[in-house]
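Enquirer: Okay, structure incoming, though there's no sequence with it:
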Ligand SMILES: NC(=O)c1ccc[n+]([C@@H]2O[C@H](COP(=O)([O-])OP(=O)(O)OC[C@H]3O[C@@H](n4cnc5c(N)ncnc54)[C@H](OP(=O)(O)O)[C@@H]3O)[C@@H](O)[C@H]2O)c1
């Protein structure tokens, strides 16, 4: 884990594919100039791994930035995600094609199921629904359209369901992981099954800044709080995806090399108080409704079609 020394160092997935050790996040980065600029800034300072999702609505700008950056496609690692309204076999295949058109790419490096179909919302068929989506992922993988396939926000029972039905096991699980919310049980489960855990929200979605323990520890290591958070992920073999739209922060967040956090401090960071889970629990129907309202998906297809008209 500690051998990561530069942004172009890689983890190796269970299928042998190399994945650059820090990814650049794009959640809440609006489609358009801000997204194009921030992705270009990231590529300019050495990131080679970009994380987007259909749900972010910014695949078109990510694709534009990639083309305009001049970085050869084969040097890049691009991830996108399938959103819940597109779950299911046929709809996954269709949604993938739309993502590829928006990104302007002919293959994807990593495709993730963004959230599991959750148990409380779909008590009768959550297993079948997630499994049908996975079957489509396997087809796209076999056809060479995607270099690696994985999950996001899947915890033990969701992962086990996929393991029980799959022919190709998932290679990645992207989870909320950060100081004060280490998801140790799910991370251990992933390791046991050769699944690389990625950290979304590695900077606690901004809540890390100003936290007294993290600020003090950053002082001790002579680094910034964001570098401490990113380093904390790397040292435990978790791949961090810090996001910023500011060039100076983008650069700073990636400079998480050249120092080592002690075992004792790793533990202390994992257990800091005051910052817990920032996002919703994958099986929490209450959180789901709070975030999206009772009919969250009614305009989804239209929104995707409208985006296609902009490229
Ligand atoms: N799979 C999922 O369900 C899921 C969920 C959430 C996120 N993600 C992925 O993971 C990525 C990272 O997560 P995230 O974006 O939620 O949170 P994050 O990276 O933990 O934090 C981003 C926040 O921190 C601020 N920030 C970044 N660097 C900073 C610095 N050096 N100093 C001060 N503030 C700084 C950013 O503001 P500015 O942009 O203004 O700098 C932004 O408000 C996402 O972008 C996305 O790609 C995945």
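Expert: Ah, there it is. Bear in mind the structure is a predicted one, so any value in this text is a computation, not a measurement.
Enquirer: Could you use CA atoms for every contact and neighbour count after this?
Expert: Fine.
Enquirer: which bits of this structure sit near the ligand?
Expert: Neighbours of the ligand within the chain, by CA under 6 Å from any ligand atom: 25-27, 51-52, 114, 152, 174, 200-206, 226, 241-246, 249, 253.
Enquirer: Can you tell me which of those residues are buried?
Expert: Buried members of the residues of the chain next to the ligand, scored by 16 or more other CA atoms under 10 Å, are 25-27, 51-52, 114, 152, 174, 200-204, 226, 241-245, 253.
Enquirer: burial of the nearest residue to residue 21 once chain neighbours are set aside, as a residue count?
Expert: Among residues not flanking residue 21 along the chain, residue 10 sits closest, at 4.8 Å (CA to CA, 6 or more residues apart in numbering). Number of residues near residue 10 (other CA atoms under 10 Å) recorded here: 17.
Enquirer: Quick one: residues contacting residue 10.
Expert: 4, 18, 19, 20, 21 (CA atoms under 8 Å, 6 or more residues apart in numbering).
Enquirer: Nearest to residue 89 among these?
Expert: residue 19 (26.7 Å; CA to CA).
Enquirer: can you list contacts of whichever strand or helix holds that closest one?
Expert: Assigned by DSSP states H and E, residue 19 falls within strand 18-20. With contacts defined as CA under 8 Å, 6+ apart, strand 18-20 is touched by 7, 8, 9, 10, 11, 12, 13, 48, 49, 77.
Enquirer: Run the chain-centre distance for it.
Expert: 13 Å (CA atoms, centre = their mean, to the nearest Å).
Enquirer: May I see the buried residues of that strand?
Expert: Within strand 18-20, the residues that count as buried by 16+ other CA under 10 Å are 18, 19, 20.
Enquirer: List the residues that contact residue 229.
Expert: By CA under 8 Å, 6+ apart, the residues touching residue 229 are 178, 179, 202, 203.
Enquirer: Can you tell me the element residue 96 falls in?
Expert: Going by DSSP H and E, residue 96 is in helix 89-103.
Enquirer: what angle separates the next helix or strand after that helix from helix 89-103?
Expert: Later in the chain than helix 89-103, the nearest helix or strand by DSSP H and E is strand 108-113. Using axes from the mean of the first three to the mean of the last three CA atoms, to 10 degrees, the direction of strand 108-113 lies 140 degrees away from that of helix 89-103.
Enquirer: packing partners for strand 108-113?
Expert: strand 77-82, strand 146-152 (3 or more CA pairs under 8 Å, 6 or more residues apart in numbering; DSSP states H and E).
Enquirer: Partner strands of it and their direction?
Expert: According to DSSP bridges, strand 108-113 forms sheet pairs with strand 77-82 (parallel), strand 146-152 (parallel).
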